[in-house]
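# Provide a 3D model corresponding to the input given below.
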Amino acid sequence: MGAPRGGARGALELYRSGDFDKLGPYEPRLAAFAVPALVIWGAGDPFSSSKMAERYRDVLSDARVELVPDAGHFVREDAPEVVNPITVAFLGRVCAAR
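Presented below is the predicted three-dimensional model:
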C-alpha cells in the first residue's frame, strides 16, 4: 500500500484534523442529492474503516460502493488497475442514462 507523498500528505493531515462525528446532522442533506455516486474504498485503509463506505451507501440514495481488497487510504494510487476500469464503467453508465 502506498505511502502519502507530497500533496497527499497534506490532504491526509487535513482529513485527520476533522471531527467527522459532527457531520451527522448533514447526512439528510446528502440523501437529498438524488445523483449517482461512486464510492471506492481501500479495504486496508488504516485511517478510515470501510464502515464509512457502508455509511455512504446507507446515506446516499444512489450510491455504488466498491471495496478494493489490496488498497489502503490512497486507493487510486495503490490500485489504479482496479480503480480505473470501475470509474470508467460507472461514468459510462451515468452518461448513457442521461
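# and the helices in this structure?
For the chain, the helices defined by DSSP state H occupy 6-16, 27-32, 51-59, 75-78, 80-97.
# neighbours of the spatially closest residue to Arg76 that is not a sequence neighbour, how many?
Once flanking residues are discounted, Arg76 sits nearest to Val83: 5.1 Å by C-beta to C-beta, 6 or more residues apart in numbering. Using the backbone N, CA and C atoms, a C-beta is placed for each residue, glycine as well. Burial of Val83 is recorded as 19 neighbouring residues (other C-beta atoms under 10 Å).
# confidence score at Val83?
At Val83, the pLDDT value in this model is 97.
# surely it touches Val68?
Yes: applying C-beta atoms under 8 Å, one finds Val83 in contact with Val68, separated by 6.6 Å.
# between those two, what contacts are shared?
With contacts defined as C-beta atoms under 8 Å, 6 or more residues apart in numbering, the residues shared by Val83 and Val68 are Ile40, Val75.
# what stretches of the protein score poorly on pLDDT?
Scanning the chain with the threshold set as pLDDT under 70 gives 1-8, 10-12, 14-20, 23.
# 90 instead, please
In the predicted model, the chain carries pLDDT under 90 at residues 1-35, 46-62, 73, 97-98.
# what's the closest of the helices of the chain to Gly42?
helix 75-78 (3.9 Å; C-beta to C-beta).
# quick one: list the elements packing against that closest one.
Under the contact criterion of 3 or more C-beta pairs under 8 Å, 6 or more residues apart in numbering; DSSP states H and E, helix 75-78 touches strand 37-42.
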